[in-house]
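J.: This is a predicted model, with the sequence first.
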Amino acid sequence: MAEELFHVLNRGVEKRAVVLDDKDRLRFLHDLYAFNDEKLAQNYILPGRHAEKSRERLVSIHAFCLMENHYHLILSERTEHGISRFLQKFNMGYAKYFNEKYDRSGVLWQGPSKKIPLQRDAHFMYIPYYVHLNPLDHKFPAWRSGGVRDPDRALKYLLEYRWSSHLDYCGVRNFPSIIDTALLTDMVGSRRRYENEIRSIISDRAKAERSLDIEN
């Protein structure tokens with residue numbers, strides 16, 4: 001693998017919600033894009049300030065999933081120390097937006113984002129699925145034990161969940177300006193193959209356990 005990939009995650013302090021409505025979710029995704037820039041300062045940036053042609057990205061965002069109280073990212077660096085610099089700006093910038101909107105003060109995140117290098121075969125095989133399957137916790141929590149009885153209903157639910165890069169890997173343009181799909185598309189293959197693997201993971205105990213190995 002030419003690029004070194006990292007699984008990055010963080011959650012709200014005391015497991016509190018970090019998004020309360022769709023405006024927050026859109027802001028979160030806007031900030032993934034806006035703060036991924038060599039030129040931007042660490043403070044809050046107004047939308048639309050920099051044109052695409054002037055951007056010098058710090059990281060490649062290969063996949064993401066935003067949940068109510070935490071997020072997952074799959075990143076690789078484009079510049080030296082790019083991940084650390086991006087996360088510092090992103091976490092600070094979004095926290096400032098959130099605190100101003102909800103008239104609160106103090107830290108929003110439980111600490112620095114956790115950054116896990118993907119080194120084992122299981123990591124490479126299952127990381128796209130693990131990240132994108134997190135929304136099933138809302139309606140199909142049995143996926144974590146391979147106990148989903150109706151995989152097609154679960155897949156339908158994932159297609160209705162906008163706040164991850166799953167749709168982009170299904171060929172639906174959702175937030176294409178945020179992510180680089182080429183690397184993981186080579187890993188997961190066609191949409192049919194990708195969805196078939198999801199069906200297998202969420203309905204097979206052994207595969208579900210291997211996919212959850214990404215947490216360790």
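T.: Arrived safely, thanks for sending.

J.: so the residue nearest the centre of the chain is in which element?
T.: Among the residues of the chain, the one closest to the centroid is Phe64, at 1.7 Å (C-alpha atoms, centre = their mean). For Phe64, the host element (DSSP states H and E) is strand 59-66.

J.: coming back round to it: what separation is there between the residue nearest to the centre of the chain and His7?
T.: 11 Å (C-beta to C-beta, to the nearest Å). C-betas here are computed from N, CA, C, even on glycine.

J.: in this structure, which spans are strands?
T.: Ranges of strands in the chain, per DSSP state E, are 6-11, 59-66, 70-77, 114-117.

J.: Tell me which other helices or strands the first one touches.
T.: For strand 6-11, the elements it packs on are strand 70-77, helix 82-101, strand 114-117, helix 121-133, judged by 3 or more C-beta pairs under 8 Å, 6 or more residues apart in numbering; DSSP states H and E.

J.: and with 6 Å instead?
T.: Judged by 3 or more C-beta pairs under 6 Å, 6 or more residues apart in numbering; DSSP states H and E, strand 6-11 is in contact with strand 70-77, strand 114-117.

J.: Parallel or antiparallel, which strands does the first one pair with?
T.: Listed by DSSP bridges, the sheet partners of strand 70-77 and their directions read strand 6-11 (antiparallel), strand 59-66 (antiparallel).

J.: what angle do the first one and helix 82-101 make?
T.: Put simply, strand 6-11 runs at 20 degrees to helix 82-101, going by axes from the mean of the first three to the mean of the last three C-alpha atoms, to 10 degrees.

J.: Residues touching strand 6-11, excluding its own?
T.: Applying C-beta atoms under 6 Å, 6 or more residues apart in numbering, the contact partners of strand 6-11 are Asn69, His70, His72, Leu73, Leu75, Trp109, Gln110, Ser113, Lys114, Lys115, Ile116, Pro117.

J.: looking at the sheet around the last one, what are its partners?
T.: Following DSSP bridges, Pro117 is listed with bridge partners Phe6.

J.: Before we move on, what's the pLDDT of the spatially closest residue to Thr79 that is not a sequence neighbour?
T.: Counting by C-beta to C-beta, 6 or more residues apart in numbering, Leu58 is the residue found nearest to Thr79 once chain neighbours are left out, at 5.5 Å. pLDDT for Leu58: 97.
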